[in-house]
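Asks: this one's sequence-less:
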């Protein structure tokens, strides 16, 4: 087993903290830059009737499926979180004996195209159904 030196561990920790601060700053700037986008939970509730799904279903291990249909376990997330969404959908599918699916909430198709492209490749390779939905503003537009 290979261990991490104290210097490598400190460097990694510093990098992780710097990235977290950078992401937090980017989220703050993005939120201040345009209209407020609906939270993920609101999107799940909005999309549940369209997919004939139960929203926010808690599983035996206290994980929460965003949308659960008779045939699919669906994770709803933002395009930049496609990899996390694919992993979560896969676990929910295993735990519920349903097909995995991901809904990406698209805010700006041009800006998010690279994440959507990656999501498409990952989902195709892993046999995960991929849906794209427009993210609405907090005012419902």
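Replies: Received the coordinates, thanks. What you are looking at is a predicted structure, and each value in this text was computed from that prediction instead of being measured.
Asks: Run through the strands of this structure in chain order.
Replies: When secondary structure is read from DSSP state E, the chain shows strands at 54-58, 64-68, 72-77, 99-106, 129-134.
Asks: thought residue 76 was touching residue 43?
Replies: Yes - taking C-beta atoms under 8 Å as the definition, residue 76 is a contact partner of residue 43 at 5.9 Å. Glycine gets a C-beta too; all of them are placed from N, C-alpha and C.
Asks: Would you mind putting the strands of the chain into a markdown table with distance to residue 118 and mean pLDDT alongside?
Replies: What follows is the strands of the chain, written out as a markdown table (distance: least, C-beta to C-beta, whole Å; pLDDT from 0 to 100):
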| stretch | distance to residue 118 | mean pLDDT |
| --- | --- | --- |
| strand 54-58 | 26 | 96 |
| strand 64-68 | 20 | 97 |
| strand 72-77 | 13 | 97 |
| strand 99-106 | 11 | 97 |
| strand 129-134 | 11 | 96 |
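Asks: just to revisit the earlier point, more neighbours, residue 76 and residue 43?
Replies: It is residue 76, of residue 76 and residue 43, that has more neighbours when counted by other C-beta atoms under 10 Å, with 27 against 23.
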